[in-house]
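# predicted model, plus sequence, below.
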Amino acid sequence: MKVFFRRIHLYLSFVTGLVVMVVCFTGAVLVFEEELQHAFHKDRYYVPVQGKAMTTDAIIASFEQQQAGSKVQQVKWYAGADRSVEISFVQKKKEEKKTGDAKPAAGNNEARKTAFVNPYTGQLIELYNYRDTFFYTMMALHRWLLGEDIGKMIVGVCTILFLVILITGLILWWPKTRLLIKQRLSVKWTAGFKRLNHDFHIVFGFYSLIFLFVFGFTGLAWSFEWFNKGIYTVTNSSMERPKPPKSDSTAQQPRIAAEQALQTGMAQLKDAAYYTLALPKDSTDVFTLTALTADAPHNTASDQLFIDQYKGQVIKTNLYKDRNLGQRVRSTFKPVHTGAIFGWPGKIISVIVCLFGVSFPITGTIMWWNRTRKKRA
């Protein structure tokens, strides 16, 4: 029976090996993306504290004055007094000269960007586009091999096959006797290259198996819509999120200041790691405040408040604790997938395990080659 599982393990490894190496390597790089970004671009994220910060409205006005033709969509404040403010905005492109009756394509006259601003001076620090960064390339390789829909499908299928490889690997690892357990749980460091290669594949494969399985299983949520729907089916939950309410546009009042909406939300959601205030898009829209509070179980368990843009009152909430089971389960997939749910120890384990994942196709191929050469001899 083990011969059958060995062949399945071998053939599937040959099919998926290269993709597994790319996905594991890029996954290891992305685990500490935020920390690396802050380390290499400190001036983008941190500013000297200079007394009292400007109001949200003053920052928006200052930014739109510095960036002609821009319209701010949301402002993100962080808890630290030394943190810069993150602004998401749309900047209308200049329309090209048209000839005849030709019309510009819909949606081509706007470009969404991000800006980092000093909250004490209103000075623009940097315009930022994630798509132009090294980490976006790593993410695109990790999720779809730079191949959009086709690459996404390849990664998804290879991930499923990788899970089968892990299961067959455990079956092949399982010792027949108790005497073999110690041998398969430790590396014989004094042995030659062939034995070391064998032990690396067998021993470290066992120790990292459960982590790789969890990372691969949760990763399917970004490859297949049926997998996402399955989460809600299993938990008997609805996928639909509550729709944002509308502001009372009949109120005979001017629109409140963005700073007032921010302070209203901060009074209700206290001690948050960040507050993101999305501005109303039209006369009936609301201010939407998103916050990650101190008691959040993980970094994607954010809360939302919807604030009437005229009356300044919270008219609806979308708190993490009030979400259905399916939504709460789905929100844990990213922190589990990256190891962030267990903080720094979880991230360190994720990096080590991903690097092991890069090595297994190599050590496995060497084992196959040695075995084949031995049979020929």
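Here it is on my side, so go on.

# roughly how far out does stretch 309-317 sit from the chain middle?
With Cα atoms, centre = their mean, to the nearest Å as the basis, stretch 309-317 stands 30 Å off its chain's centre.

# what residues does it touch?
With contact meaning Cβ atoms under 8 Å, 6 or more residues apart in numbering, stretch 309-317 is reached by 242, 244-245, 247-249, 251, 253-256, 260-261, 264-265, 268, 280, 285-287, 303-308. Backbone N, C-alpha and C define where each C-beta goes, glycine included.

# how about stretch 323-340?
30-31, 214-215, 218-219, 221, 228, 231-232, 234-239, 241, 298-301, 320, 341, 346-351.

# again, only this time at 6 Å
31, 215, 218-219, 221, 231-232, 235, 237, 298-300, 341, 346-347, 349-350 (Cβ atoms under 6 Å, 6 or more residues apart in numbering).

# out of these, which are inside helices?
Judged by DSSP state H, helices contain the following of the contacts of stretch 323-340: 31, 215, 218-219, 231-232, 346-347, 349-350.

# residue 304 belongs to a strand?
Yes. Assessed by DSSP: H, G, I helix; E, B strand; the rest coil, residue 304 belongs to a strand.

# number of residues surrounding the residue lying closest to it once chain neighbours are set aside?
Once flanking residues are discounted, residue 304 sits nearest to residue 318: 4.0 Å by Cβ to Cβ, 6 or more residues apart in numbering. As a burial measure, residue 318 scores 18 neighbours (other Cβ atoms under 10 Å).

# look up phi and psi at residue 318.
As for residue 318, its main-chain torsions (degrees, to the nearest 10) stand at phi -130, psi 80.

# same deal with residue 155?
Backbone torsions of residue 155, given as degrees, to the nearest 10, read phi -60, psi -40.

# now do the same contact list for it.
Residue 155 sits next to residue 223 when contact means Cβ under 6 Å, 6+ apart.

# distance check, it against residue 219.
Per Cβ to Cβ, to the nearest Å, residue 155 is found 8 Å from residue 219.

# same question for residue 158.
Distance, residue 158 to residue 219, using Cβ to Cβ: 10 Å.

# where in the stretch 251-377 of the chain is pLDDT low?
The stretch 251-377 of the chain contains residues with pLDDT under 70 at 377.

# now do 90
251-253, 370-377 (pLDDT under 90).

# for the stretch 101-250 of the chain, same thing?
Residues of the stretch 101-250 of the chain that meet the cut-off, pLDDT under 90, sit at 101-113, 147-148, 175-184, 240-243, 249-250.

# okay then, goodbye and thanks.
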